[in-house]
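J.: could you work out the structure for the sequence below:
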Amino acid sequence: MKWGTLQHSSPSGWSFRSTAIIFSIGTITVVGGLNHYLDNVDGKSVALNELVSSDGAVVWDEELSSFTVGQTNVEPRINLYSREKQKTNEFSYLLNGKYKNMKGYFAIPDDVVRTASHETITISFIADGTEIYSLVVSANSGENHPDSFQTPLKGVNELTIKVITDGSNLMTNIVMWDITLTEPNTGQKCINSIKSIF
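T.: As a prediction, the model looks like this:
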């Protein structure tokens, strides 16, 4: 009678496979974390009012005065584009390609809606001479509420913001607040630097 031979896996084989599995899991985790960082983590944020206007005149409300929009009380925390300016206002900033996007909030205050009689206000964002984003707001009490905006700025050297009011009122009626520009994070900056070489 022949007896079968029981085969034993060598300890070194198990060790190798375990190490390979752990290494694979670790690699997936690191790559996933890196991709999340590159895609979703922002760099430093800078308030728009901290930049010096390169052209035109812009006035910021230093008091960060509160106001109501659609009966909702709004209290700006970072900056507030002053309501005390001319009907058409245009101002520019030199960004030198440092920022990847800009975001903030805008609305027409309730006290303006009650007197403006459906006037239309347009805000245009112009990057290096080309309009890249625009907001059109009507002084209509039924549509009045705070709203947000975000526009990409990657590679933009000069940003111009133009506010136009269509109506008899000599002053613009819209407010913008908590406007910030976001830089790329360190990883994005490194990738952009490498791309600029090739």
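J.: C-alpha only now, for contacts and for neighbours.
T.: Noted.
J.: the bottom helix or strand of this structure by mean pLDDT?
T.: The weakest-scoring helix or strand in the chain, judged by mean pLDDT, DSSP states H and E, is helix 186-197 (a mean of 56).
J.: could you list the low-pLDDT ranges of the protein?
T.: Low-confidence segments of the chain, defined by pLDDT under 70: 1-18, 20, 23-42, 85-87, 113-118, 140-143, 167-172, 186-198.
J.: okay, strands next: where are they in it?
T.: 45-47, 55-56, 67-69, 72-74, 88-94, 101-107, 120-127, 130-138, 147-152, 158-166, 175-182 (DSSP state E).
J.: ok, residues contacting the third one?
T.: Strand 67-69 is contacted by residues 73, 74, 75, 107, 108, 109, 110, 111, 144, 145, 146 when judged by CA atoms under 8 Å, 6 or more residues apart in numbering.
J.: the first one bridge partners, please.
T.: For residue 73, the beta-bridge partners are residue 68 (DSSP bridges).
J.: and if you look at the fourth one?
T.: Beta-bridge pairing for residue 107 (DSSP bridges): residue 175.
J.: what is the burial count for it?
T.: Neighbourhood size, residue 107 [other CA atoms under 10 Å]: 22.
J.: residues near the closest residue to residue 121 other than its chain neighbours, how many?
T.: Ranked by CA to CA, 6 or more residues apart in numbering and with sequence neighbours excluded, the top spatial neighbour of residue 121 is residue 165, at 4.5 Å. Counted with other CA under 10 Å, the neighbours of residue 165 add up to 23.
J.: please report how far residue 165 lies from residue 125.
T.: 15 Å (CA to CA, to the nearest Å).
J.: before we move on, what about residue 146?
T.: Residue 146 is 19 Å from residue 125, by CA to CA.
J.: check contacts around residue 105.
T.: Counting by CA under 8 Å, 6+ apart, residue 105 touches 146, 147, 148, 149, 176, 177, 178, 179.
J.: out of these, which comes closest to residue 48?
T.: residue 179 (5.8 Å; CA to CA).
J.: which residues sit in contact with residue 160?
T.: 90, 91, 92, 93, 124, 125, 126, 127, 128.
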